[in-house]
Structures are given as C-alpha cells and as structure tokens.
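Visitor: 3D, please:
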Amino acid sequence: MIQIRMVKKEDLRALVDLENRCFSKEEAATADAFEKRIETIPDSFFIAEVDGVIVGLINGPVIENVYITDDLFTDIKVNPTSGGHQSVLGLAVLPDYQNRGIAGMLLKRLEKEARGKHRETITLTCKQNYIEFYERHGFSNQGVSGSEHGGAIWFNMIKDLS
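Guide: Numbers count the residues shown, from 1 in each chain. The predicted structure is shown next:
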C-alpha cells in the first residue's frame, strides 16, 4: 500500500539516495539542500512510502513570483501561511515504482495543501519529455524557462489554483 506523508529529519539519507537515482549529478539536490528544505519547508515536502520504504518525494517552497528561478535550489525561506505560488523543485519516484500513479498521488497531496493555504498556482520546471505528464495533471506549458539548472533545457509549467 502506498502512503503519502510529510517529511521527517530521519528521511534524509533515503531521500538523497532516491534523488541521486532519479536525477543526474548536476540536477540532484545535495544532502545539504535537502536538510535545509526539511528544516525550512516541511509543510510542502511530502514522501511516498511502500511498506515503510521511501519510493518517492515532492518538495518546493512557496514563492512570490509565478516562475521558478535557479536561486531557489540553494536559497529558500519559510513558507507564508497563505497566498503565493507553490513551487516544485523536485518530484521523483524510484524507477522500480514508476508507472504506478505515485507521482500523481504526490502532486495531488501537494495541491491539496496548496489549495488549503490559498496558493495562486503550482509552478515547476520540467524537461520536454515530461510536459505531457504534467499536462495530464492540469498544468499548462508556458514555454522555455530561463533556468539553467544542471545545464538542461527546462519548460515552465503552471497549474492555476484560483
């Protein structure tokens, strides 16, 4: 059974391992970045577990601007109690657990929290091969992002919550 829950400090090691299995070295969040996110934005950092094993994650701070900027990968602030734009800095599911709806469940959980706190949008960047996935989940493609994170080409994806 798949359980979605809020992150805990003791998840750190498993999260770093998961991140490194799902992203290139240049794109993956570091242990320091995850530690800061766990401490600063636990209310927008969720974990998917199957039989006690962490198999997926979603996280990101609430930001003032509608689009993600690269500085967010290293510099985040505590989420405001309401308003703003819920960003997604990372959505990852272990390869052996992909195509089971886990990423969609993580997105739904983050959206539920965002709607409850009156966020304006959910905003993220993704590579071209994931555009269709996000469009199926209600996001619209806003074109190529200014992000240079990991040296990749990213697309701005927005889901309006208003």
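Visitor: And for the longest helix along the chain, what's in contact with it?
Guide: Taking DSSP state H as the criterion, the chain has its longest helix at helix 102-116. Residues from elsewhere that reach helix 102-116 (CB atoms under 8 Å, 6 or more residues apart in numbering): 2, 4, 43-44, 46, 48, 55-58, 60, 86, 88, 91, 93, 122, 133, 137, 159, 161. All C-beta spots, glycine's among them, are computed from the backbone N, C-alpha and C.
Visitor: Listing request: residues of this structure with sub-threshold pLDDT.
Guide: Within the chain, the set of residues satisfying pLDDT under 70 is empty.
Visitor: which stretches of it form strands?
Guide: Using DSSP state E, the strands found in the chain span residues 2-6, 45-50, 53-59, 62-63, 85-88, 90-93, 121-126, 140-144, 155-160.
Visitor: thinking again about what came up before, return the angle between stretch directions for the longest helix of the chain and strand 45-50.
Guide: Per axes from the mean of the first three to the mean of the last three CA atoms, to 10 degrees, the angle that helix 102-116 makes with strand 45-50 is 140 degrees.
Visitor: Would you mind getting the angle between helix 102-116 and strand 155-160?
Guide: Here helix 102-116 runs at 50 degrees with respect to strand 155-160, directions being taken by the same axes, to 10 degrees.
Visitor: List the buried residues in helix 102-116.
Guide: Judged by neighbour count using 16 or more other CB atoms under 10 Å, the buried positions of helix 102-116 are 102-103, 105-107, 109-111, 113-114.
Visitor: Equivalent analysis for stretch 59-66, please.
Guide: Judged by neighbour count using 16+ other CB under 10 Å, the buried positions of stretch 59-66 are 59-63.
Visitor: follow-up on the earlier one: most widely separated two among the buried residues of helix 102-116?
Guide: Comparing every pair within the buried residues of helix 102-116 by CB to CB identifies Ile102 and Ala114 as the most remote, at 18.7 Å.
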